[in-house]
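In: Just the structure for this:
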Amino acid sequence: MKAITYTTFGGPEVLSLTEVEEPHAGPGQVRLKVVAAAVNPLDHKIRNGWMPPQMTPPFPVTPGLEAAGIVDEVGEGVTGVAVGDAVLGWTVTGAYAEYALASDFALKPADLDWDTAAALPVAVETSVRVLDELKVGEGDTLLIHGASGVVGAAGVQLAVARGATVIGTASPGNHDYLRSLGATPVAHGEGLADRIRAAAPQGVDAVYDAAGHGDLPLSIELRGGTGRIVTIADPQAAELGVTFSGGGGPFGARLGEYAQLVVDGKLTVRVAQSLPLADAAQAQELVATGHAPGKVVLRPAG
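Out: Okay, the predicted model is just below:
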């Protein structure tokens, strides 16, 4: 099968479209014929060698965490899914490929388009996990750094649905988008703390850092300590005493609920662009530079 692989750390030039052996479903797994694979910031961070060894798969690496596709093999012990079913979830063999294995997944609602299905798992699982860790609920004021990104925007919507007031940092061009999601936007840059205080004169009850742009010291200042602050992106977290949330357990059983919310118009995930699998380097650069207004998706079938 065709897959994107790399055999050394480096820039996007290390990615190549190659022929590799097809994987086959083992116990607890299904094999997908991948229709759409989402590109995440973690993909280029691993490719550059920036992540710790425990987060770096052995070479050759096929990138990609999340995918949507058609089940064409069902492994021993798997129930509730059959060959021919459409699913979305997390791959264990890399999503940038014609076929991938998954053990954590949900059935795709018929009315959910493929690109959005591939874009959904990481954004939803991450934000649900962080909001649970922060114990965000009715009446809380939540500050989200990087609120207009795919993960941050999911956090905005899910927090608003819990009854929280959300203040979201974003560039001015994304302020109308954040207002449409129910958040109060504030601009990055000098004077950010004052703008947040003006937007939330009653104070900030919790902080969700989805950006990793060095805003933890400011967040600690606003909170008066490190309590109820969680980052998913700032490597300074440990030295500052802030919780770093780096992954959760299986989520497939809940993923289907959120997929249905998208179909029902109660949750949105922006997809910026869909590209052929061969354009994986371009896709990763779009994500790395932050210039894509939403998720970038690869289509193995072109």
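In: so for the lengthiest helix in the chain, what's the average pLDDT?
Out: Taking DSSP state H as the criterion, the chain has its longest helix at helix 114-134. The pLDDT scores in helix 114-134 average 97.
In: List the buried residues of that helix.
Out: Neighbour-count burial for helix 114-134, with 16 or more other C-beta atoms under 10 Å as criterion, is recorded at 114-131, 134. Where C-beta positions appear, they are placed from N, C-alpha and C, glycine not excepted.
In: Also stretch 189-209?
Out: In stretch 189-209, counting by 16+ other C-beta under 10 Å, buried: 192, 195-196, 199-200, 204-209.
In: in the stretch 151-300 of the chain, which spans are helices?
Out: Assigned by DSSP state H, counting those that start in this stretch, the stretch 151-300 of the chain shows helices spanning 175-181, 192-199, 216-223, 237-240, 252-263, 280-289.
In: Dump those helices to TSV, plus distance to Asn40 and mean pLDDT.
Out: Formatted as TSV, the helices of the stretch 151-300 of the chain follow (distance: least, C-beta to C-beta, whole Å; pLDDT from 0 to 100):
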stretch	distance to Asn40	mean pLDDT
helix 175-181	20	97
helix 192-199	26	96
helix 216-223	22	97
helix 237-240	19	94
helix 252-263	16	96
helix 280-289	7	95
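In: Tell me which of those helices sits most buried.
Out: helix 280-289 (a mean of 20; mean count of other C-beta atoms under 10 Å).
In: What segments of the stretch 1-150 of the chain are strands?
Out: In the stretch 1-150 of the chain, the strands defined using DSSP state E, counting those that start in this stretch lie at 2-5, 16-19, 30-39, 66-74, 86-91, 99-107, 141-145.
In: Dump the ones you listed to a markdown table, plus distance to Gln236.
Out: Below are these laid out as a markdown table (distance: least, C-beta to C-beta, whole Å):
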| stretch | distance to Gln236 |
| --- | --- |
| strand 2-5 | 31 |
| strand 16-19 | 34 |
| strand 30-39 | 25 |
| strand 66-74 | 27 |
| strand 86-91 | 27 |
| strand 99-107 | 30 |
| strand 141-145 | 13 |
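In: Distance from stretch 94-105 to the middle of the chain?
Out: Taking C-alpha atoms, centre = their mean, to the nearest Å, the mean C-alpha location of stretch 94-105 is offset from the chain mean by 16 Å.
In: Likewise for stretch 218-235?
Out: Centroid displacement of stretch 218-235 relative to its chain, using C-alpha atoms, centre = their mean, is 20 Å.
In: cool, and stretch 59-77?
Out: On C-alpha atoms, centre = their mean, the centre of stretch 59-77 falls 17 Å from the chain's centre.
In: and if you look at stretch 122-139?
Out: Centroid displacement of stretch 122-139 relative to its chain, using C-alpha atoms, centre = their mean, is 13 Å.
In: How about the contacts made by Gln282?
Out: Counting by C-beta atoms under 8 Å, 6 or more residues apart in numbering, Gln282 makes contact with 12, 275.
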